[in-house]
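Undergrad: Sequence first, predicted model second:
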Amino acid sequence: MGTQPGRRNLITDIAGLRVGNAADARTKSGTTVLVADKPFACAVDVMGGAPGTRETDLLTVDRMVQAVDALVLSGGSAFGLDAASGVADALARQGRGFCVGPVHVPIVPAAILFDLINGGDKAWIVNPYRSLGERALAVAAEDFDLGTEGAGYGATCARVKGGLGSASLVFESGITIGALVAANPTGQVTMGDARNFWAAPFEIGDEFGGLGTRPDPVPFDESVVTKQDSLQVLANTTIAIVATDAAMTKAQLKRMAVAAHDGMGRAISPSHTLVDGDLVFALSTGANGTSTDDLTALRIGHAAATCLARAIARAVYEARPEPGDVLPSWREKYGG
């Protein structure tokens, strides 16, 4: 397996993918949209105990619709699901969507995280997320910023701010794999009371500081540090997209999504809790052409997990301070 990121070290190293972010500083929340040049195959796997989703039932193998038009990650808890409505409206105006006679119905699955008690003003009269979704789609591009952006704008984790992260890998065969994540877990992305990241063994270069792991072991502590120490244990969820340009079936993509959850387990302690809605979408553009055998699918799943672990660490590493924050950014706390 190749060990180098793509040129951008972003999910958009996969040709045809674009990502857009929109946020509202007053509400301390935002939305991220992934869209492609044409509809793409997609599956999903949920391992958290408190998910919030839209259109995910369509992604199972036995459903009629075989491709989706965009994916949405959003803050805002259940309110944030409305971001997908803004995206669907805009795509419909472009003539995108599943055709039923003369009608086009854009298929836009979405997942949300909880950021409603992060210090922002949530006393809106009109739900802002429909507009945020439309704005994010309008600026979707191959290059986009990480950290305090989009769906990660108001994200938090234990001890420090969360954020939006991405990473990629390219196989020697040319197959590209990428991950995009809004990291807002109840657990820690750093190792105990140190600044080192749990994902350190998978870091390439110094993409999140090049700090390595702690020199001393991190013992099990049943009073594990979580958001309950500073915020609210229910204010959580890490939502992610992993992608490849290899041609994969919905069944193979389901296994890719399952495998990618290992990346959360490597980067967050604890992960997949009852109070997190941890979810991974897996997509294939098929642009690489050839069909994927079982061994290649296994390697792609492993790469997706590695990319996701790196993306989670990058999300926290790149977060920046904003007025009214309830937690410091990693750079503020650890002086990076």
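TA: Ah, there it is.

Undergrad: so where do the helices sit in the stretch 51-200 of the chain?
TA: 83-93, 129-138 (DSSP state H, counting those that start in this stretch).

Undergrad: Mean neighbour count, those helices: which tops it?
TA: Among these, ranked by average contacts under mean count of other C-beta atoms under 10 Å, first place goes to helix 129-138 (a mean of 25). C-beta: built from backbone N, CA, C; applies to glycine.

Undergrad: so the residue lying closest to residue 135 once chain neighbours are set aside, which of the three states?
TA: Distances taken as C-beta to C-beta, 6 or more residues apart in numbering place residue 22 nearest to residue 135, at 3.8 Å, with adjacent residues excluded. At residue 22 the chain is in strand, as set by DSSP: H, G, I helix; E, B strand; the rest coil.

Undergrad: Show me the shaky parts of the stretch 101-250 of the chain.
TA: Applying pLDDT under 70 to the stretch 101-250 of the chain flags residues 221-234.

Undergrad: run the last query once more with 50
TA: For the stretch 101-250 of the chain, applying pLDDT under 50 flags no range at all.

Undergrad: coming back round to it: residue 294: which of the helices of the stretch 51-200 of the chain is closest?
TA: Of all those, it is helix 83-93 that lies closest to residue 294, at 33.2 Å by C-beta to C-beta.

Undergrad: what's that closest one packed up against?
TA: strand 29-46, strand 68-74, strand 103-105, helix 129-138 (3 or more C-beta pairs under 8 Å, 6 or more residues apart in numbering; DSSP states H and E).

Undergrad: Return the list of strands paired to the first one, each annotated with direction.
TA: For strand 29-46, the paired strands and their directions (DSSP bridges) read strand 17-24 (antiparallel), strand 68-74 (antiparallel), strand 279-284 (antiparallel).

Undergrad: looking at these, which is closest to residue 302?
TA: Closest among the strands paired with strand 29-46, once you apply C-beta to C-beta, is strand 279-284, at 13.1 Å.

Undergrad: which element follows the closest one toward the C-terminus?
TA: helix 294-317 (DSSP states H and E).

Undergrad: List the buried residues for the very next helix or strand once past that next one?
TA: Using DSSP H and E, the helix or strand that directly follows helix 294-317 along the chain is helix 330-334. Buried residues in helix 330-334, defined by neighbour count with 16 or more other C-beta atoms under 10 Å: 330-331, 334.

Undergrad: In TSV, list the residues you listed along with distance to residue 197 and pLDDT.
TA: As requested, those are exported to TSV (distance: C-beta to C-beta, whole Å; pLDDT from 0 to 100):
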residue	distance to residue 197	pLDDT
330	9	96
331	13	96
334	10	92
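
Undergrad: Contacts only, for the residue nearest to residue 198 when sequence neighbours are not counted.
TA: The shortest distance from residue 198 to any residue other than its chain neighbours is 5.2 Å, reached at residue 267 (C-beta to C-beta, 6+ apart). By C-beta atoms under 8 Å, 6 or more residues apart in numbering, residue 267 lies in contact with 189, 197-199, 308-310, 312-313.

Undergrad: State the distance from the nearest residue to residue 97 once chain neighbours are set aside to residue 17.
TA: Of all residues not flanking residue 97 in the chain, residue 104 sits nearest, at 3.5 Å (C-beta to C-beta, 6+ apart). To residue 17, residue 104 is 21 Å away according to C-beta to C-beta, to the nearest Å.

Undergrad: Same drill for the two, tell me which one is more crowded.
TA: residue 17 (25 against 16; other C-beta atoms under 10 Å).

Undergrad: Quick check: residue 324 touching residue 28?
TA: Yes. At 7.1 Å, residue 324 and residue 28 qualify as touching, with contact defined as C-beta atoms under 8 Å.

Undergrad: Which of the two has more residues huddled nearby?
TA: Just comparing residue 324 and residue 28: by other C-beta under 10 Å the higher neighbour count belongs to residue 28, 26 against 12.

Undergrad: Wait, the more buried one touches residue 117, no?
TA: No. Residue 28 is beyond contact range of residue 117, at 9.9 Å (criterion: C-beta under 8 Å).
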